[in-house]
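Chemist: build me a model:
(chains A and B)
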There are 2 protein chains.
Amino acid sequence: MAEPRRTGRWRTGQQNKQRIIEVAREHFKQGYEKATVRGIATDAGVDVAMVYYFFDNKEGLFNAAVIDIPEHPLHQLVELLDDEGPDGIGTRLVRRFVERWDEDDTFEPLLTVWRSATVHPLARKLLHDTLAGPVADRVAAEFGVSDAGLRVELVASHLMGLAFARYQLRIEPMASAGVDELVAWVGPTVQHYLTGPTPLGSEA
Amino acid sequence: MAEPRRTGRWRTGQQNKQRIIEVAREHFKQGYEKATVRGIATDAGVDVAMVYYFFDNKEGLFNAAVIDIPEHPLHQLVELLDDEGPDGIGTRLVRRFVERWDEDDTFEPLLTVWRSATVHPLARKLLHDTLAGPVADRVAAEFGVSDAGLRVELVASHLMGLAFARYQLRIEPMASAGVDELVAWVGPTVQHYLTGPTPLGSEA
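Modeler: As a prediction, this is how the structure comes out:
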(Lines give C-alpha, C1' and ligand atoms only; values in the text may rest on other atoms or scores of the structure.)
Protein backbone atom coordinates (compact mmCIF):
# COMPACT_ATOMS: atom_id res chain seq x y z
CA MET A 1 0.00 0.00 0.00
CA ALA A 2 1.16 3.52 -0.69
CA GLU A 3 1.84 5.88 2.17
CA PRO A 4 -1.51 7.38 3.23
CA ARG A 5 -2.12 10.89 2.03
CA ARG A 6 -1.60 13.59 4.61
CA THR A 7 -3.28 16.41 2.79
CA GLY A 8 -5.06 17.47 5.98
CA ARG A 9 -1.98 17.97 8.11
CA TRP A 10 -2.30 21.73 8.21
CA ARG A 11 -5.67 21.50 9.94
CA THR A 12 -6.01 21.64 13.70
CA GLY A 13 -7.04 18.50 15.57
CA GLN A 14 -10.57 19.80 16.07
CA GLN A 15 -10.88 20.69 12.42
CA ASN A 16 -9.71 17.25 11.42
CA LYS A 17 -12.11 15.63 13.85
CA GLN A 18 -15.02 17.63 12.44
CA ARG A 19 -13.95 16.84 8.90
CA ILE A 20 -13.82 13.10 9.69
CA ILE A 21 -17.33 13.26 11.18
CA GLU A 22 -18.71 15.00 8.10
CA VAL A 23 -17.14 12.50 5.73
CA ALA A 24 -18.24 9.57 7.92
CA ARG A 25 -21.83 10.84 7.85
CA GLU A 26 -21.76 10.70 4.06
CA HIS A 27 -20.27 7.21 4.02
CA PHE A 28 -22.71 5.81 6.58
CA LYS A 29 -25.62 6.94 4.41
CA GLN A 30 -24.92 3.87 2.32
CA GLY A 31 -25.35 1.71 5.42
CA TYR A 32 -23.12 0.79 8.33
CA GLU A 33 -21.51 -2.16 6.63
CA LYS A 34 -20.44 -0.46 3.43
CA ALA A 35 -18.55 2.32 5.18
CA THR A 36 -14.91 1.62 6.04
CA VAL A 37 -12.60 3.49 8.38
CA ARG A 38 -9.91 3.50 5.71
CA GLY A 39 -12.24 4.91 3.07
CA ILE A 40 -13.43 7.61 5.42
CA ALA A 41 -9.86 8.54 6.37
CA THR A 42 -8.89 8.77 2.71
CA ASP A 43 -11.80 11.00 1.79
CA ALA A 44 -11.20 13.17 4.86
CA GLY A 45 -7.52 13.55 3.89
CA VAL A 46 -6.20 12.18 7.17
CA ASP A 47 -4.11 9.24 8.29
CA VAL A 48 -6.26 6.29 9.28
CA ALA A 49 -4.47 6.33 12.65
CA MET A 50 -6.00 9.72 13.35
CA VAL A 51 -9.48 8.25 12.99
CA TYR A 52 -8.62 5.58 15.53
CA TYR A 53 -7.05 8.18 17.81
CA PHE A 54 -10.26 10.24 17.90
CA PHE A 55 -12.92 7.51 17.73
CA ASP A 56 -11.28 4.22 18.84
CA ASN A 57 -13.02 2.14 16.17
CA LYS A 58 -15.76 2.06 13.55
CA GLU A 59 -18.45 1.80 16.22
CA GLY A 60 -17.15 4.89 17.96
CA LEU A 61 -17.07 6.76 14.67
CA PHE A 62 -20.67 5.68 13.93
CA ASN A 63 -21.75 6.93 17.34
CA ALA A 64 -20.09 10.29 16.83
CA ALA A 65 -21.22 10.83 13.25
CA VAL A 66 -24.68 9.33 13.12
CA ILE A 67 -26.21 8.62 16.51
CA ASP A 68 -24.85 11.44 18.62
CA ILE A 69 -26.59 14.26 16.76
CA PRO A 70 -28.25 16.85 18.97
CA GLU A 71 -31.27 17.06 16.66
CA HIS A 72 -32.44 13.55 17.48
CA PRO A 73 -35.65 13.80 19.54
CA LEU A 74 -34.27 11.55 22.28
CA HIS A 75 -31.19 13.74 22.71
CA GLN A 76 -33.49 16.75 22.86
CA LEU A 77 -35.59 15.00 25.49
CA VAL A 78 -32.60 14.53 27.76
CA GLU A 79 -31.40 18.09 27.18
CA LEU A 80 -34.79 19.46 28.17
CA LEU A 81 -34.92 17.31 31.30
CA ASP A 82 -31.42 18.44 32.25
CA ASP A 83 -31.97 22.12 31.55
CA GLU A 84 -35.55 22.74 32.56
CA GLY A 85 -36.86 19.73 34.46
CA PRO A 86 -39.83 17.45 33.80
CA ASP A 87 -42.84 19.80 33.88
CA GLY A 88 -44.76 19.92 30.61
CA ILE A 89 -42.07 17.86 28.91
CA GLY A 90 -44.38 16.65 26.12
CA THR A 91 -45.26 20.10 24.87
CA ARG A 92 -41.72 21.38 25.25
CA LEU A 93 -40.20 18.44 23.38
CA VAL A 94 -42.56 18.73 20.41
CA ARG A 95 -41.95 22.48 20.23
CA ARG A 96 -38.17 22.16 20.34
CA PHE A 97 -38.16 19.33 17.81
CA VAL A 98 -40.36 21.10 15.28
CA GLU A 99 -38.75 24.52 15.74
CA ARG A 100 -35.31 23.00 15.29
CA TRP A 101 -36.21 21.22 12.07
CA ASP A 102 -38.25 24.09 10.68
CA GLU A 103 -35.02 26.11 10.71
CA ASP A 104 -33.03 23.55 8.81
CA ASP A 105 -32.85 23.12 5.07
CA THR A 106 -32.28 19.39 5.19
CA PHE A 107 -33.70 16.41 6.94
CA GLU A 108 -30.67 14.31 6.01
CA PRO A 109 -29.02 13.81 9.41
CA LEU A 110 -32.09 12.04 10.79
CA LEU A 111 -32.54 10.03 7.61
CA THR A 112 -28.95 8.84 7.95
CA VAL A 113 -29.74 7.39 11.36
CA TRP A 114 -32.57 5.39 9.88
CA ARG A 115 -30.77 4.32 6.72
CA SER A 116 -27.72 3.11 8.60
CA ALA A 117 -29.63 1.24 11.27
CA THR A 118 -32.00 -0.55 8.93
CA VAL A 119 -29.31 -2.41 7.13
CA HIS A 120 -27.02 -3.62 9.87
CA PRO A 121 -27.66 -5.36 13.18
CA LEU A 122 -24.66 -3.73 14.84
CA ALA A 123 -25.85 -0.25 13.91
CA ARG A 124 -29.25 -1.16 15.34
CA LYS A 125 -27.61 -2.39 18.55
CA LEU A 126 -25.56 0.80 18.84
CA LEU A 127 -28.67 2.89 18.34
CA HIS A 128 -30.29 1.03 21.19
CA ASP A 129 -27.32 0.77 23.53
CA THR A 130 -26.01 4.30 23.22
CA LEU A 131 -29.23 6.25 22.68
CA ALA A 132 -32.63 4.64 23.27
CA GLY A 133 -31.49 2.51 26.23
CA PRO A 134 -29.86 5.27 28.29
CA VAL A 135 -32.70 7.69 27.55
CA ALA A 136 -35.19 5.05 28.68
CA ASP A 137 -33.24 4.66 31.94
CA ARG A 138 -33.41 8.40 32.43
CA VAL A 139 -37.16 8.49 31.76
CA ALA A 140 -37.72 5.58 34.14
CA ALA A 141 -35.88 7.42 36.90
CA GLU A 142 -37.46 10.78 36.19
CA PHE A 143 -41.09 9.67 35.98
CA GLY A 144 -41.09 6.44 37.99
CA VAL A 145 -42.28 4.28 35.09
CA SER A 146 -41.03 0.77 34.44
CA ASP A 147 -41.82 0.32 30.76
CA ALA A 148 -39.74 3.28 29.68
CA GLY A 149 -38.11 1.45 26.76
CA LEU A 150 -41.35 1.25 24.82
CA ARG A 151 -42.39 4.73 25.95
CA VAL A 152 -39.33 6.48 24.51
CA GLU A 153 -39.64 4.51 21.28
CA LEU A 154 -43.28 5.53 20.92
CA VAL A 155 -42.19 9.14 21.33
CA ALA A 156 -39.22 8.89 18.98
CA SER A 157 -41.15 7.03 16.28
CA HIS A 158 -44.10 9.42 16.46
CA LEU A 159 -41.86 12.47 16.11
CA MET A 160 -39.78 10.89 13.36
CA GLY A 161 -42.92 9.98 11.42
CA LEU A 162 -44.19 13.52 11.82
CA ALA A 163 -40.86 14.97 10.70
CA PHE A 164 -40.74 12.66 7.72
CA ALA A 165 -44.20 13.76 6.58
CA ARG A 166 -43.45 17.46 7.17
CA TYR A 167 -39.89 17.79 5.92
CA GLN A 168 -39.34 14.93 3.51
CA LEU A 169 -42.71 14.03 2.00
CA ARG A 170 -43.78 17.66 2.51
CA ILE A 171 -47.42 16.66 2.22
CA GLU A 172 -50.04 19.34 2.90
CA PRO A 173 -51.46 20.45 5.28
CA MET A 174 -48.78 18.86 7.50
CA ALA A 175 -45.95 20.69 5.74
CA SER A 176 -47.39 24.15 6.40
CA ALA A 177 -49.12 23.57 9.73
CA GLY A 178 -48.13 26.10 12.39
CA VAL A 179 -45.81 25.10 15.21
CA ASP A 180 -48.47 25.96 17.80
CA GLU A 181 -50.99 23.74 16.06
CA LEU A 182 -48.62 20.76 15.95
CA VAL A 183 -47.60 21.30 19.56
CA ALA A 184 -51.25 21.44 20.61
CA TRP A 185 -52.01 18.15 18.88
CA VAL A 186 -48.88 16.12 19.57
CA GLY A 187 -47.60 17.61 22.84
CA PRO A 188 -50.26 15.93 25.01
CA THR A 189 -49.63 12.62 23.23
CA VAL A 190 -45.91 12.77 24.02
CA GLN A 191 -46.68 13.78 27.59
CA HIS A 192 -48.97 10.77 27.94
CA TYR A 193 -46.42 8.38 26.43
CA LEU A 194 -43.72 9.58 28.82
CA THR A 195 -45.64 10.04 32.04
CA GLY A 196 -49.12 8.49 31.74
CA PRO A 197 -50.19 5.29 33.48
CA THR A 198 -49.28 2.08 31.72
CA PRO A 199 -52.36 0.89 29.80
CA LEU A 200 -53.69 -2.61 30.40
CA GLY A 201 -52.48 -2.22 33.98
CA SER A 202 -49.39 -4.25 33.12
CA GLU A 203 -45.95 -2.96 34.01
CA ALA A 204 -44.30 -5.04 31.32
CA MET B 1 -36.41 0.98 -32.14
CA ALA B 2 -36.72 -2.79 -32.35
CA GLU B 3 -40.12 -4.41 -32.16
CA PRO B 4 -41.06 -4.63 -28.46
CA ARG B 5 -40.70 -8.07 -26.96
CA ARG B 6 -43.93 -9.95 -26.52
CA THR B 7 -42.70 -12.67 -24.24
CA GLY B 8 -45.75 -12.26 -22.03
CA ARG B 9 -48.35 -12.89 -24.71
CA TRP B 10 -49.37 -16.27 -23.32
CA ARG B 11 -50.48 -14.68 -20.04
CA THR B 12 -54.06 -13.63 -19.41
CA GLY B 13 -54.90 -9.95 -19.19
CA GLN B 14 -55.17 -10.10 -15.40
CA GLN B 15 -51.84 -11.87 -15.12
CA ASN B 16 -50.22 -9.26 -17.32
CA LYS B 17 -51.79 -6.46 -15.32
CA GLN B 18 -50.50 -7.93 -12.07
CA ARG B 19 -47.07 -8.47 -13.60
CA ILE B 20 -46.93 -4.84 -14.75
CA ILE B 21 -47.85 -3.66 -11.25
CA GLU B 22 -45.12 -5.76 -9.65
CA VAL B 23 -42.48 -4.52 -12.05
CA ALA B 24 -43.67 -0.93 -11.70
CA ARG B 25 -43.38 -1.18 -7.91
CA GLU B 26 -39.72 -2.13 -8.32
CA HIS B 27 -39.05 0.70 -10.76
CA PHE B 28 -40.79 3.33 -8.64
CA LYS B 29 -38.53 2.43 -5.69
CA GLN B 30 -35.89 4.50 -7.42
CA GLY B 31 -38.25 7.47 -7.39
CA TYR B 32 -41.13 8.57 -9.55
CA GLU B 33 -39.04 10.40 -12.07
CA LYS B 34 -36.57 7.66 -12.87
CA ALA B 35 -39.22 5.10 -13.72
CA THR B 36 -40.44 5.06 -17.35
CA VAL B 37 -43.50 3.37 -18.81
CA ARG B 38 -41.36 1.91 -21.58
CA GLY B 39 -38.80 0.47 -19.15
CA ILE B 40 -41.55 -1.05 -17.03
CA ALA B 41 -43.23 -2.56 -20.10
CA THR B 42 -39.95 -4.06 -21.25
CA ASP B 43 -39.16 -5.64 -17.88
CA ALA B 44 -42.72 -6.94 -17.60
CA GLY B 45 -42.47 -8.50 -21.04
CA VAL B 46 -45.46 -6.67 -22.48
CA ASP B 47 -46.10 -4.17 -25.22
CA VAL B 48 -46.00 -0.60 -23.97
CA ALA B 49 -49.52 -0.16 -25.42
CA MET B 50 -50.79 -2.70 -22.92
CA VAL B 51 -49.56 -0.54 -20.03
CA TYR B 52 -51.45 2.42 -21.44
CA TYR B 53 -54.51 0.23 -21.99
CA PHE B 54 -54.62 -0.81 -18.34
CA PHE B 55 -53.38 2.36 -16.60
CA ASP B 56 -53.86 5.30 -19.01
CA ASN B 57 -50.54 6.93 -18.17
CA LYS B 58 -47.60 6.98 -15.80
CA GLU B 59 -49.68 8.64 -13.08
CA GLY B 60 -52.30 5.94 -13.30
CA LEU B 61 -49.63 3.28 -13.08
CA PHE B 62 -48.11 4.99 -10.04
CA ASN B 63 -51.51 5.08 -8.35
CA ALA B 64 -52.12 1.39 -9.00
CA ALA B 65 -48.65 0.18 -8.08
CA VAL B 66 -47.60 2.44 -5.21
CA ILE B 67 -50.45 4.42 -3.67
CA ASP B 68 -53.39 2.06 -3.98
CA ILE B 69 -52.04 -0.62 -1.65
CA PRO B 70 -54.54 -1.95 0.88
CA GLU B 71 -51.91 -2.04 3.61
CA HIS B 72 -51.61 1.74 3.80
CA PRO B 73 -53.12 2.91 7.09
CA LEU B 74 -55.38 5.42 5.36
CA HIS B 75 -56.85 2.75 3.11
CA GLN B 76 -57.39 0.59 6.19
CA LEU B 77 -59.10 3.51 7.91
CA VAL B 78 -61.65 3.84 5.12
CA GLU B 79 -62.20 0.08 4.96
CA LEU B 80 -62.93 -0.04 8.66
CA LEU B 81 -65.34 2.88 8.45
CA ASP B 82 -67.11 1.21 5.52
CA ASP B 83 -67.29 -2.26 7.05
CA GLU B 84 -67.82 -1.61 10.74
CA GLY B 85 -68.65 2.04 11.27
CA PRO B 86 -66.96 4.69 13.39
CA ASP B 87 -67.14 3.33 16.96
CA GLY B 88 -63.74 2.75 18.51
CA ILE B 89 -62.05 3.49 15.21
CA GLY B 90 -58.70 4.39 16.81
CA THR B 91 -58.22 1.07 18.54
CA ARG B 92 -59.50 -0.90 15.57
CA LEU B 93 -57.23 0.88 13.12
CA VAL B 94 -54.07 0.36 15.18
CA ARG B 95 -54.94 -3.31 15.66
CA ARG B 96 -55.58 -3.94 11.98
CA PHE B 97 -52.46 -2.05 10.93
CA VAL B 98 -50.14 -3.86 13.32
CA GLU B 99 -51.68 -7.29 12.81
CA ARG B 100 -51.45 -6.89 9.04
CA TRP B 101 -47.77 -5.96 9.11
CA ASP B 102 -46.83 -8.49 11.78
CA GLU B 103 -47.89 -11.15 9.27
CA ASP B 104 -45.74 -9.84 6.48
CA ASP B 105 -42.12 -10.54 5.87
CA THR B 106 -41.37 -7.22 4.27
CA PHE B 107 -42.07 -3.59 4.90
CA GLU B 108 -41.12 -2.71 1.34
CA PRO B 109 -44.53 -1.68 -0.10
CA LEU B 110 -44.90 1.12 2.43
CA LEU B 111 -41.28 2.19 2.03
CA THR B 112 -41.87 2.48 -1.70
CA VAL B 113 -44.65 4.99 -1.09
CA TRP B 114 -42.27 7.14 0.90
CA ARG B 115 -39.29 6.76 -1.38
CA SER B 116 -41.25 7.65 -4.46
CA ALA B 117 -43.03 10.61 -2.98
CA THR B 118 -39.98 12.22 -1.41
CA VAL B 119 -38.23 12.76 -4.68
CA HIS B 120 -40.91 14.05 -6.98
CA PRO B 121 -43.54 16.77 -6.60
CA LEU B 122 -46.01 14.96 -8.85
CA ALA B 123 -45.79 11.78 -6.78
CA ARG B 124 -46.40 13.90 -3.69
CA LYS B 125 -49.40 15.53 -5.34
CA LEU B 126 -50.83 12.14 -6.34
CA LEU B 127 -50.35 10.86 -2.81
CA HIS B 128 -52.35 13.81 -1.56
CA ASP B 129 -55.00 13.97 -4.27
CA THR B 130 -55.81 10.28 -4.51
CA LEU B 131 -55.26 9.15 -0.93
CA ALA B 132 -54.87 11.68 1.89
CA GLY B 133 -57.32 14.20 0.46
CA PRO B 134 -60.27 11.84 -0.12
CA VAL B 135 -59.70 10.12 3.22
CA ALA B 136 -59.72 13.51 4.93
CA ASP B 137 -63.04 14.32 3.24
CA ARG B 138 -64.44 11.05 4.53
CA VAL B 139 -63.19 11.72 8.08
CA ALA B 140 -64.63 15.23 7.99
CA ALA B 141 -68.04 13.87 7.00
CA GLU B 142 -67.93 10.95 9.42
CA PHE B 143 -66.86 12.85 12.53
CA GLY B 144 -67.96 16.39 11.78
CA VAL B 145 -64.47 17.85 12.04
CA SER B 146 -63.17 20.61 9.80
CA ASP B 147 -59.40 20.16 10.10
CA ALA B 148 -59.48 16.58 8.84
CA GLY B 149 -56.49 17.01 6.52
CA LEU B 150 -54.06 17.47 9.38
CA ARG B 151 -55.85 14.84 11.46
CA VAL B 152 -55.42 12.05 8.94
CA GLU B 153 -51.79 13.01 8.37
CA LEU B 154 -51.11 12.89 12.10
CA VAL B 155 -52.59 9.40 12.15
CA ALA B 156 -50.76 8.20 9.05
CA SER B 157 -47.41 9.62 10.11
CA HIS B 158 -47.71 8.22 13.63
CA LEU B 159 -48.50 4.72 12.34
CA MET B 160 -45.83 4.88 9.66
CA GLY B 161 -43.23 5.95 12.24
CA LEU B 162 -44.29 3.11 14.50
CA ALA B 163 -44.14 0.61 11.64
CA PHE B 164 -40.73 1.87 10.60
CA ALA B 165 -39.36 1.38 14.12
CA ARG B 166 -40.98 -2.05 14.52
CA TYR B 167 -40.45 -3.61 11.10
CA GLN B 168 -37.52 -1.79 9.54
CA LEU B 169 -35.30 -0.55 12.38
CA ARG B 170 -36.53 -3.49 14.48
CA ILE B 171 -35.41 -1.73 17.63
CA GLU B 172 -36.30 -3.35 20.96
CA PRO B 173 -38.61 -3.35 22.84
CA MET B 174 -40.77 -1.92 20.02
CA ALA B 175 -40.02 -4.82 17.69
CA SER B 176 -41.28 -7.46 20.14
CA ALA B 177 -44.04 -5.54 21.90
CA GLY B 178 -47.37 -7.35 21.92
CA VAL B 179 -50.19 -6.19 19.67
CA ASP B 180 -52.45 -5.57 22.66
CA GLU B 181 -49.81 -3.39 24.29
CA LEU B 182 -49.34 -1.27 21.16
CA VAL B 183 -53.09 -0.98 20.66
CA ALA B 184 -53.53 0.11 24.27
CA TRP B 185 -50.92 2.85 23.88
CA VAL B 186 -51.57 4.13 20.37
CA GLY B 187 -55.28 3.36 19.88
CA PRO B 188 -56.49 6.21 22.12
CA THR B 189 -54.06 8.60 20.40
CA VAL B 190 -55.46 7.77 16.97
CA GLN B 191 -59.00 8.04 18.33
CA HIS B 192 -58.18 11.51 19.65
CA TYR B 193 -56.56 12.64 16.41
CA LEU B 194 -59.59 11.53 14.38
CA THR B 195 -62.48 12.52 16.64
CA GLY B 196 -61.23 14.73 19.49
CA PRO B 197 -61.89 18.45 19.74
CA THR B 198 -59.55 20.69 17.79
CA PRO B 199 -56.93 22.02 20.21
CA LEU B 200 -56.38 25.76 20.51
CA GLY B 201 -60.10 26.12 19.77
CA SER B 202 -59.28 27.01 16.18
CA GLU B 203 -61.02 25.20 13.34
CA ALA B 204 -58.22 25.92 10.93
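Chemist: state the next helix or strand along the chain beyond the helix or strand of chain A with the lowest mean pLDDT.
Modeler: Scoring the helices and strands of chain A by mean pLDDT, DSSP states H and E places helix A:108-119 at the bottom, with a mean of 71. Note on helix A:108-119: by DSSP states H and E, the next helix or strand toward the C-terminus is helix A:121-127.
Chemist: what helices and strands are in contact with that following helix?
Modeler: helix A:58-62, helix A:108-119 (3 or more Cβ pairs under 8 Å, 6 or more residues apart in numbering or on different chains; DSSP states H and E). All C-beta spots, glycine's among them, are computed from the backbone N, C-alpha and C.
Chemist: between those helices, which one is nearest to residue B:188?
Modeler: In terms of Cβ to Cβ, the element of the helices and strands packed on helix A:121-127 nearest to residue B:188 is helix A:108-119, at 26.6 Å.
Chemist: OK, contacts around the residue of chain A found nearest chain B?
Modeler: Across chain A, the shortest distance to chain B (Cβ to the nearest Cβ) belongs to residue A:161, at 2.4 Å. Applying Cβ atoms under 8 Å, 6 or more residues apart in numbering or on different chains to residue A:161 gives the contacts B:157, B:158, B:159, B:160, B:161, B:162, B:164.
Chemist: so the helix or strand harbouring the fifth one versus helix A:148-163, what angle?
Modeler: Here residue B:161, judged by DSSP H and E, is contained in helix B:148-163. For helix B:148-163 and helix A:148-163, the angle between their directions (axes from the mean of the first three to the mean of the last three Cα atoms, to 10 degrees) works out to 130 degrees.
Chemist: buried residues, the helix or strand following helix B:148-163. List them.
Modeler: Next along the chain after helix B:148-163, taking DSSP H and E as the criterion, comes helix B:179-195. Within helix B:179-195, the residues scored as buried using 16 or more other Cβ atoms under 10 Å in any protein chain shown are B:181-195.
Chemist: same deal with stretch A:129-146?
Modeler: So for stretch A:129-146, counting by 16+ other Cβ under 10 Å, buried means A:130, A:131, A:132, A:133, A:135, A:136, A:138, A:139, A:140, A:142, A:145.
Chemist: ok, which of those also contact chain B?
Modeler: Filtering those for neighbours of chain B using Cβ under 8 Å from any Cβ of the partner chain leaves residue A:132.
Chemist: by pLDDT, give me the weakest of the buried residues of stretch A:129-146.
Modeler: Within the buried residues of stretch A:129-146, residue A:130 has the lowest pLDDT, namely 87.
Chemist: wait, that one touches residue A:67, no?
Modeler: Yes: at 5.7 Å, residue A:130 counts as touching residue A:67 under the criterion of Cβ atoms under 8 Å.
Chemist: and the most centrally placed residue in chain A, backbone torsions?
Modeler: By Cα atoms, centre = their mean, the mean C-alpha position of chain A lies nearest to residue A:72, the distance being 3.5 Å. Per-residue torsions, residue A:72: phi -60, psi 140 (degrees, to the nearest 10).
Chemist: show the pLDDT at it.
Modeler: 88.
Chemist: ok, residue A:201 next?
Modeler: 63.
Chemist: before we move on, what about residue A:204?
Modeler: 42.
Chemist: how about residue A:30?
Modeler: 80.
Chemist: got it, and residue A:187?
Modeler: 98.
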